[in-house]
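Enquirer: Provided below for reference: sequence and predicted model.
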Amino acid sequence: MTSTLEFQPLRLPERVQQLRLEVRAFIQSEIDAGVFNPDDPETDWEIHRQFARKVAARGWIGMTWPKQYGGQERSFLDRYVVNEEMLVHNAPNTVYFTADRQSGPTLIRYASERIKSEVLPKIIAGEACFCIGMSEPDSGSDLFAAKCKATRSEGGWRINGTKIWTTNAHQSNYMIGIFRTSAPTTENRRHGLTSFLVDMKAPGITCNLIDQMSGIRDFNEVVFDDVFLPDDQLIGEVDGAWKQATTELAYERSGPERFLETFAVLRNLVGLAGNSADQRLGEAIGRLVAELHSLRRMSVSVAGMLEAGREPTAEAAIVKDLGTIWEQDLPQRVRDAIAFLPADEAFDRFDEVLQFTTRIAPKLTIQGGTTEILRGVIARGLGLR
């Protein structure tokens, strides 16, 4: 018996479009003031911190969260357009992005009241950066094979092992990590994983930066050497983190960040072509824009499901799978489209963006779950495995 996938058509309401205009005006003012360049990703962490505080002051972090923790209980669609505009303009939103997208909602659903009261207001204020501790050197995206261990100790747990590809771990205040607390069973391979809130300044944690050919240094190998976590840092049930992880990944995998990471090269291509594109270039741009529109409609549909309190795990995996393949291929498809354009000063500026997006493209189908893992999730959602 198979299940059905559902991507119901959803149009953003007028109030959400008005919010978009407000966000767009704010971002343009930051660009005009020279705070950041949308064609040159900002690597100065202090600029990211300052930007986070500005966004927080406008109430755009934790928008959907309960008011008792400082949230506004606004809709996922409100958050969607804020996120989309930030991504389209390549805004320096790194400090709060992961926490706003998935860490905060995970804490709201599974963490203790002490953790929620202490940590959520920091996120909303733009003062807490989160990383995600899932992938490991010997298991990659296969969380079932996680070996980084949490062992019972007096008053808490001792963590030993390694996480890898952990984005911005070296800058983060907290990690939500999944650790092996007991062996999986024959009947349930998902058993034995437990989630914890990790203070990234705790003794015994080492972050080793991983070089990338893009020049950006955000990936890390995180080594835990007998790191102590008190009992009250536990999130959810012991040995039962798998369901929590699937909920978290529904937030992580379905947003516009899964098809907009190389968007700058398409935006610049349209600008370069202007009103004088020949038929060949016009057709190439039209095809890319149509595909992007389709991905966006699917992503908005998932946002609507999250708004309704559903957990669209398979649908989110499809958005991530199709979206990251598309954005990974985009630089080469753009390169093919411009093959006959004359080289001039405008072309040289465009080529800088093209070269950068070409260098970041290989990582896109790995982060957030590899294509192979995602297709297993989709098959399971369809009842095929």
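Expert: Looks like it arrived, so ask away. Residues are numbered from 1 along each chain as shown.
Enquirer: so residue 254 is in contact with residue 319, correct?
Expert: Yes: with contacts counted by CB atoms under 8 Å, residue 254 reaches residue 319, the gap being 4.8 Å. Where C-beta positions appear, they are placed from N, C-alpha and C, glycine not excepted.
Enquirer: common neighbours of those two, please.
Expert: 299, 302 (CB atoms under 8 Å, 6 or more residues apart in numbering).
Enquirer: where in the stretch 51-200 of the chain is pLDDT low?
Expert: Scanning the stretch 51-200 of the chain for pLDDT under 70 picks out 140-141.
Enquirer: and the helices in it?
Expert: 76-88, 94-98, 104-110, 113-124 (DSSP state H, counting those that start in this stretch).
Enquirer: average pLDDT for the longest strand anywhere in the chain, rounded please.
Expert: Secondary structure of the chain read by DSSP state E shows that its longest strand is strand 220-230. Mean pLDDT, strand 220-230: 97.
Enquirer: circling back to that earlier point, make TSV from the helices of the stretch 51-200 of the chain and add mean neighbour count and distance to residue 379 to it.
Expert: What follows is the helices of the stretch 51-200 of the chain, written out as TSV (neighbours: other CB atoms under 10 Å; distance: least, CB to CB, whole Å):
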stretch	mean neighbour count	distance to residue 379
helix 76-88	22	27
helix 94-98	25	27
helix 104-110	21	25
helix 113-124	18	35
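Enquirer: nearest to residue 292, out of those helices?
Expert: helix 76-88 (10.8 Å; CB to CB).
Enquirer: ok, residues contacting that closest one?
Expert: Residues contacting helix 76-88 (CB under 8 Å, 6+ apart): 12-13, 16-17, 19-20, 23-24, 27, 60, 63-64, 91, 93, 100-101, 255-257, 260-261, 263, 267, 299-300, 303-304, 306-307.
Enquirer: repeat that with 7 Å
Expert: 12, 16, 19-20, 23-24, 27, 60, 63-64, 93, 255-257, 260, 263, 300, 303-304, 306-307 (CB atoms under 7 Å, 6 or more residues apart in numbering).
Enquirer: helices - which of the residues you listed land there?
Expert: 16, 19-20, 23-24, 27, 263, 300, 303-304, 306-307 (DSSP state H).
Enquirer: drop anything exposed from the residues you listed.
Expert: Among those, the ones that count as buried by 16 or more other CB atoms under 10 Å are 16, 19-20, 23, 27, 263, 300, 303-304, 306-307.
Enquirer: of those, closest to residue 361?
Expert: Once CB to CB is applied, the member of these that ends up nearest residue 361 is residue 263, at 12.2 Å.
Enquirer: any idea how far the closest residue to the closest one other than its chain neighbours lies from residue 11?
Expert: Leaving aside its chain neighbours, residue 263 sits nearest to residue 88 (6.2 Å; criterion: CB to CB, 6 or more residues apart in numbering). According to CB to CB, to the nearest Å, residue 88 stands 19 Å off from residue 11.
Enquirer: please apply the same query to residue 115.
Expert: For residue 115, the distance to residue 11 - CB to CB - is 37 Å.
Enquirer: before we move on, what about residue 84?
Expert: 14 Å.
Enquirer: just grab the bridge partners of the closest residue to residue 137 other than its chain neighbours for me.
Expert: Leaving out its chain neighbours, the residue that sits closest to residue 137 by CB to CB, 6+ apart is residue 164, at 5.0 Å. Taking DSSP bridges as the rule, residue 164 bridges to residue 221.
Enquirer: identify the residues contacting residue 164.
Expert: 135-137, 221.
Enquirer: cool, thanks, signing off.
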